[in-house]
Structure formats: structure tokens, C-alpha cells
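A.B. asks: Just need the structure, nothing else, for what follows:
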Amino acid sequence: MAIIFKETYLTIEKNEREPFARLVWSGDLTNEQYKKGWQAALKAMQDLDLRKAINDQRALGNVSMEAYAWMTTVFFPAALKQLGRLDMAILPSKKLFTKLSAQNMQNKMSAIDMNFNKEYFLELAEAETWLANTSEIA
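C.D. replies: Predicted coordinates:
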């Protein structure tokens, strides 16, 4: 994996074998960190012409409901307009509240936009296999 972006709260890597990015979140995030992280992810995906990502939240701590609401109502609609389609494999946080909040917001996104395809996994290898087998057709 080649590192594209690195901060204490997020590392974005590009898979060398398959056309996808891996976002590895860590710790409790401020609203600003959460927004900056997602904006960095979008830029990396645009620069590398990627439409697939692993959203690894296993080490993610607390994120505010305000930040999740921004992701759902502002960020993802704009990102999907720019990307056209996004396949996302999600490795959920181990923190129950964070996990449930993220799932709730991501389920809302799937209901709103058919170009957002997501699945949840417990193991990285399963997530990588699923992404490798998702369609490239937008």
C-alpha cells in the first residue's frame, strides 16, 4: 500500500494490486478533522481515478452526530456527483455508539443514492475480496 495522506486521525492508502483506496480512521475526531479527512479522501480518489474504498473504522473513536449529518447531507451527495459511483467496504468501529451512528448515516445514504454501494465486514480480507468483485460499471 502506498500512503497518500497521513494525519494522526486518518491514513489514506492506495492498494497496489487493486483499484481502491483504504481509509484507516483512528481515535476521537473533532468535526474539523472528520471533514478534513473526508475531503482528503475525495481528493485522493479523484486524483487516482478511484471509485472503490475500504472505510476502516475499527480504531475510530467518537464522532459527533453533527459530523455524521454533514457527511450524509453535504459531503456524500457532492462527492457522488463528482465520482459518479462509489463502492465502499466498511470495517465498523468497535465502539457501539460510533458503529451504530455510522451505520445509520451510511444506510440513509444508500437509500438516497443508488450509486453508493456499501457492505459491512469484520475482516479486511473479506472487504478486499468484495471490492475486487464489484462492478466497474457506473
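
A.B. asks: okay, now the closest residue to L83 other than its chain neighbours: neighbour count?
C.D. replies: Using CB to CB, 6 or more residues apart in numbering and skipping residues adjacent in sequence, the residue nearest L83 is R51, 5.8 Å away. To be clear about C-beta, it is placed using only N, CA and C from the backbone, and glycine gets the same treatment. Residues within reach of R51, counting by other CB atoms under 10 Å, total 20.

A.B. asks: Could you double-check that R51 sits in contact with L86?
C.D. replies: Yes: under the criterion of CB atoms under 8 Å, R51 makes contact with L86 at 6.0 Å.

A.B. asks: Was I right to think N55 contacts I90?
C.D. replies: Yes: counting by CB under 8 Å, I90 is a contact partner of N55 at 4.8 Å.

A.B. asks: Tell me which helix or strand the spatially most central residue of the chain sits in.
C.D. replies: The centre of the chain sits closest to N55, judged by CA atoms, centre = their mean, with a distance of 3.8 Å. N55 belongs to strand 52-60 when assigned by DSSP states H and E.

A.B. asks: ditto for I12
C.D. replies: Using DSSP H and E, I12 maps to strand 10-14.

A.B. asks: can you tell me the average pLDDT over that strand?
C.D. replies: Throughout strand 10-14, pLDDT has a mean value of 97.
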